[in-house]
Each structure stands twice: as structure tokens, then as C-alpha cells.
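Peer 1: Fold the following and give me the result.
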Amino acid sequence: MAVTMIAIWMALLWLLVKIKVLRGWALWMKLSPLIIYLGVMAVLFIPMNFGAPVGGATVVKNSVEIAPAVSGYVTDVVVEPGKARINAGDMLFRINAVPFESRAWELEAQLELAKIRQGQAQQLVEKQAGRVGDVQKYDAEVKQLEAQLARAKQDLEFTEVRAPVAGYIPTLLLREGTWVNAGAPLLRLVEDTENYLAVQIDQVNLRHIKVGQQSEVILKLYPGKVFDAEVVSIVQASQGGLWDPSSDVMGAIDTAATPIWVTVKLKDDMKLPAGATGQATIFTEAFGSSHVFRKIMLRMDTWLNFVKP
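Peer 2: Predicted structure coming up:
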């Protein structure tokens, strides 16, 4: 903006000299661009950067890796990537249930037989014709089979892999007939409940930012629009400032002032794709008079998104 103002000023001076309103290029005219630049920086941009800092913003989403709890062949893939929103509890895919059904039936038969033997042993003890140790043995066998049956029924339920949260599947390579291993991630479910943006703020402009302050966001995805948001967190660590717990030797540290991440929550409940980029301005309590200039500049930038890639 300062460069634009200087260019307009120089064009105006050139025009005034051309039509001979001003005679020649005086010293003050030659120095005026520098004076204007310093004045604009001191009066407008420095207070604006402190009072309404701006930074690049990216839509971030929580994601969940989906891994089956049992191994087997995939018999049915229900979900289709990116076509419809998935609700919590919806079926994603099925694993061949036949081996798990057979195991459950087998354990049910064994448990039924063990209970019969348990009852017979108890009757013999009551008639003083049996041993208490036999009753205890069958009691333990029944409890063991009950535990195994409960696990088998749970494994049978696990053959239907369901979504733990609501969201969408961006990509899916899983096909019917694929062998899958228990615990091995197969796909990623991206939550779409709320819109959060991670904003990079220069450290020098971070001092006045607080949770709860208002923010405005523009996105490349929606040129010409400005969205209201609110600061929800300030990340209290950056990668360069973390100790390595695996080593007690301090290595070289990059002392460059890397930006700090601030998280804002969009008030609009529209669905935004993870990774959508733009800019966000945070309106602090400092230099309130500069907020109007930042609002103007932000709206200029969002309209320029129609022509900027």
C-alpha cells in the first residue's frame, strides 16, 4: 500500500511538472517519496501491525486413522470417498465374518457342555458321591469359556468397521478381496464438525493477541468475501524451541524469529476443505484507530483474489 501511495504521488508530481504548475524537480520533490514512506510507516503500518496483525491462514481439520481390530479379507466396501458426509457409526467396510461366526458357535457348544458337566459334578457333591475339586475345575472351565465367547462375539462385531466420528473420507484405495491386518491403518476420516484456521503471526506482533479477540478471515476459495472468526488458542510452542528427550546434549538451535501459530474458529458453519488457504487479521485492544485501515486493506485483498492465483 505504501508503494502504491508513493507511485500515485510521483505520478501527480510528474503531471504538475509536465503542465508547468511546478517548475522543475526541486530537492523537496526528490526527497518526498522517502518522506512519504517514513510517514506512512510511522503513522499507519507500524501501529496497524501491532493493533491488527495479519498472517497467512490455513484451514485445519482433525483426522482419525481407521484400522480394523481383526484380520481377514475385505468382503464389502460401503463408503465412497468424498461423495457424502459420513455420520458417526456409519458402516465403512466389512471383513469376512465366517471364521469369527464359526469360532463363536464352537465356543457356545463347548460352554453348554461345560455347564452340563458343572451341574452333574455339583449334584454328585450334594449326594456326597463326588469331589469338590471336580466342581471347582468345571467352574473354572465355564468362566474361561464365557470369557473366550465374549471375546469371540466382540471380534465378530469388529468385522463391521464403522466410523468413530462424523466426517468424510478424502481418498480410498481399499478394495474387496484385500487382506487386512488388525491394527494396520487403512484409511483416514477427516472431521468436518467445525472450521478452525491456523494463522501464522510474526513474533513481534504477538504481544497484544489474546484468546477471545475478534478476527476476520479471507480465503482464496471465496474471493470477495470476509468471514468473522474468533481467537480460540495461541500455540505455546514451536518446533525449534522443544528439547529432544532422547538426548541430553544440546545441539545447534535456529534463533531465527519463526512465526507463532494462533488458532481461530470461523463463526460461519459452512463446510471448508482442509488445506484451504487465505489470510486472517486479529483485532487486538492496542491501536484501535488502526483497525479501520486493516479492514480496508483486507477487503482490497479479498477482491484481488479474483485475479491473483
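Peer 1: Need the distance between the two termini of stretch 168-181.
Peer 2: Across its full length, stretch 168-181 reaches 23 Å between end residues, using CA to CA, to the nearest Å.
Peer 1: CA-only coordinates of stretch 96-114 in CSV, if you can.
Peer 2: Output of stretch 96-114 as CSV, limited to C-alpha atoms (Å, rounded to 0.1, in the frame of the first residue of the first chain):
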residue,chain,number,x,y,z
ASN,A,96,-15.2,-61.8,6.2
ALA,A,97,-17.2,-62.9,9.3
VAL,A,98,-17.4,-66.6,8.6
PRO,A,99,-14.3,-67.6,10.7
PHE,A,100,-15.5,-65.5,13.6
GLU,A,101,-19.0,-66.9,13.4
SER,A,102,-17.7,-70.4,13.4
ARG,A,103,-15.5,-69.7,16.4
ALA,A,104,-18.4,-68.2,18.4
TRP,A,105,-20.6,-71.2,17.6
GLU,A,106,-17.9,-73.6,18.6
LEU,A,107,-17.4,-71.8,22.0
GLU,A,108,-21.1,-71.7,22.6
ALA,A,109,-21.3,-75.5,22.2
GLN,A,110,-18.2,-76.0,24.5
LEU,A,111,-19.7,-73.7,27.1
GLU,A,112,-23.1,-75.6,27.0
LEU,A,113,-21.3,-78.9,27.5
ALA,A,114,-19.1,-77.5,30.3
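Peer 1: So what touches it?
Peer 2: 70, 72-75, 138, 141-142, 145-146, 148-149, 152-153, 155-156, 159 (CB atoms under 8 Å, 6 or more residues apart in numbering). (Glycine included, C-beta is placed from N, CA and C.)
Peer 1: if you set the cut-off to 7 Å instead, what comes out?
Peer 2: 70, 72-73, 75, 138, 141-142, 145-146, 148-149, 152-153, 155-156, 159 (CB atoms under 7 Å, 6 or more residues apart in numbering).
Peer 1: Output the below-cut-off pLDDT ranges for this protein.
Peer 2: 1-6, 9-10, 13-14, 16-18, 20-46, 128-130, 237-257, 309 (pLDDT under 70).
Peer 1: so what are the domain limits for it?
Peer 2: Domains of the chain are assigned by automatic domain parsing as 1-40, 48-63+191-240+257-309, 64-190.
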